[in-house]
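Participant: Let me see the structure of the following:
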Amino acid sequence: MKRLAFLAAMGLSTCVLAVGLHTEVQVEASLVAIEQAWIDAAIRGDRATLDELLDSSFVETMPNGARRSKADVLFAPALPPGSVQTLSDVKVRVVGSVAMVSGVNHYTPASGLKTIDYAFTDLYVRRGDTWRVASSHMTLGQAHNV
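Facilitator: Sure thing, here's the model as predicted:
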């Protein structure tokens, strides 16, 4: 009887762990998708999407040390036509209702210009069922030809 109870407990634990891992993978995928939606919205100048993604407490620290609030981002002009941003080395860490997403944003201001790499770390907070970007910090990397 003890053996049967032990096996049942092990089976239940395995199911709980599998569900937890599945949920964690879903959260990580959602945060990566939000990062992509953010850079897409910045390129298009899509203020409505930016407003949804950025928390009211949002603060961005630029590579030169300047800081921008959510309002500053929403009123900034769209990126230049023909500019491209791609993400790489994206890593997600989730601790409860806070998550950190880091990686490299490869930004090309226009076709034929050098690509500039920006290392970034973004802090997310969960508000109910929604993740919002609360903070972003970028560091200038290197410029290189495409």
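Participant: Output the below-cut-off pLDDT ranges for the protein.
Facilitator: Residue ranges of the chain with pLDDT under 70: 1-22, 143, 145-146.
Participant: Show me the strands in it, by range?
Facilitator: 54-61, 67-69, 84-95, 98-108, 115-127, 130-144 (DSSP state E).
Participant: and the second one, which strands flank it?
Facilitator: In this case it means strand 67-69. The sheet places strand 67-69 alongside strand 54-61 (antiparallel), with pairing taken from DSSP bridges.
Participant: quick one: contacts of the strand it pairs with?
Facilitator: Residues outside strand 54-61 that contact it (Cβ atoms under 8 Å, 6 or more residues apart in numbering): 67-70, 72-74, 125, 127, 132-138. Where C-beta positions appear, they are placed from N, C-alpha and C, glycine not excepted.
Participant: For those residues, which ChimeraX command selects only the ones that are buried?
Facilitator: The following ChimeraX line selects those of these that are buried, judged by 16 or more other Cβ atoms under 10 Å:
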select :68,70,73,125,132,133,134,135,136,137,138
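Participant: Quick check: the farthest pair among the contacts of strand 54-61?
Facilitator: Distance extremes for the contacts of strand 54-61: the farthest pair is 127 and 138 at 23.4 Å, using Cβ to Cβ.
Participant: spatially speaking, which residue is in the middle of the protein?
Facilitator: Closest to where the C-alpha atoms of the chain average out (Cα atoms, centre = their mean) is residue 35, at 3.7 Å.
Participant: Not counting sequence-adjacent ones, nearest residue to residue 117?
Facilitator: Spatial nearest neighbour of residue 117, excluding adjacent residues (Cβ to Cβ, 6 or more residues apart in numbering): residue 141 at 3.3 Å.
Participant: give the contact list for the one you found.
Facilitator: 104, 116, 117, 118, 119 are the contacts of residue 141 under Cβ under 8 Å, 6+ apart.
Participant: what about the fourth one, how many residues close to it?
Facilitator: This means residue 118. When neighbours are counted by other Cβ atoms under 10 Å, residue 118 registers 16.
Participant: Would you mind listing the residues in contact with it?
Facilitator: Contacts of residue 118 by Cβ under 8 Å, 6+ apart are 63, 104, 105, 107, 138, 139, 140, 141.
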